[in-house]
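Undergrad: sequence and predicted structure, then a few things I'm wondering about:
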Amino acid sequence: MRRIGAVLALCGALIGQGALADSDSCAPERLDIRGDWGQAQFSVELAQTVQERARGLMFRESLGASQGMLFLYPRPDRHAFWMKNTLIPLDMIFITPEGVVQYVHENAIPQDLTPISGGDGVIAVLEIKGGMARILGIEEGSELRHPGFDPEIAAWPCAPAN
C-alpha cells in the first residue's frame, strides 16, 4: 500500500516531458525542476518577507506531493531552518543564485529545533513534502526554473516575455 502511495505521489508531481519542454514561460506560483532523473513541476507559495519566511509551513497538517514553499532571499548567505511548530516532515532543497540545487536535506523531523543549513551561497530554499526529493530523484546539481532567479545567471532561465 505504501508503494502505491509513493507511485501516486510521483505521478502527481511529475509532468510529461513534452509539457515542460514546450512551455518556457514562468509564473511566480510555479516552479520547474530538472535533472538527469527527469523533470517535475511544483505549485509553490512564496515566502519573501521576513514574516513569511519566519512562519513558513508551520502549523500545516498536510502538503500535497506537487506543492511546496519557496523561500527567496535578497542575497546569498548561509540560511538555516528548523522545524519548530512544523507538523509534517519536509524535504529542504537549498539553492544557489543560479537556480542549482546545492544541498538536499531529506525528511526534516517535525518539531525538531536542530538548525538545518545548506551551506554558504544559498539564495533560496524549496520546502516540499518529506520524501518527495528521493522519490523524484532531486539531488545536488538539479536545476530550477522560477522568475525569482536572475535570468542573466540562471542555469535554466525563464524565457523572456514577448
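TA: That came through, no problem. None of these values were measured; they are calculated from a predicted model.

Undergrad: for residue 30, phi and psi?
TA: Per-residue torsions, residue 30: phi -130, psi 140 (degrees, to the nearest 10).

Undergrad: in the sheet, who's paired with it?
TA: Counting by DSSP bridges, residue 30 is bridged to residue 43.

Undergrad: what segments of this protein are strands?
TA: 30-35, 38-47, 67-77, 80-81, 90-95, 101-108, 116-117, 122-129, 143-145 (DSSP state E).

Undergrad: can you list those strands in TSV and add mean neighbour count, mean pLDDT and distance to residue 152?
TA: Where C-beta positions appear, they are placed from N, C-alpha and C, glycine not excepted. Below are the strands of the chain laid out as TSV (neighbours: other Cβ atoms under 10 Å; pLDDT from 0 to 100; distance: least, Cβ to Cβ, whole Å):
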stretch	mean neighbour count	mean pLDDT	distance to residue 152
strand 30-35	21	98	18
strand 38-47	19	97	21
strand 67-77	17	97	15
strand 80-81	16	96	28
strand 90-95	26	98	16
strand 101-108	18	98	19
strand 116-117	16	98	27
strand 122-129	25	98	14
strand 143-145	23	98	14
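
Undergrad: can I get those in TSV including distance to residue 158?
TA: Shown next, in TSV, are the strands of the chain (distance: least, Cβ to Cβ, whole Å):
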stretch	distance to residue 158
strand 30-35	9
strand 38-47	13
strand 67-77	14
strand 80-81	26
strand 90-95	15
strand 101-108	18
strand 116-117	28
strand 122-129	14
strand 143-145	6
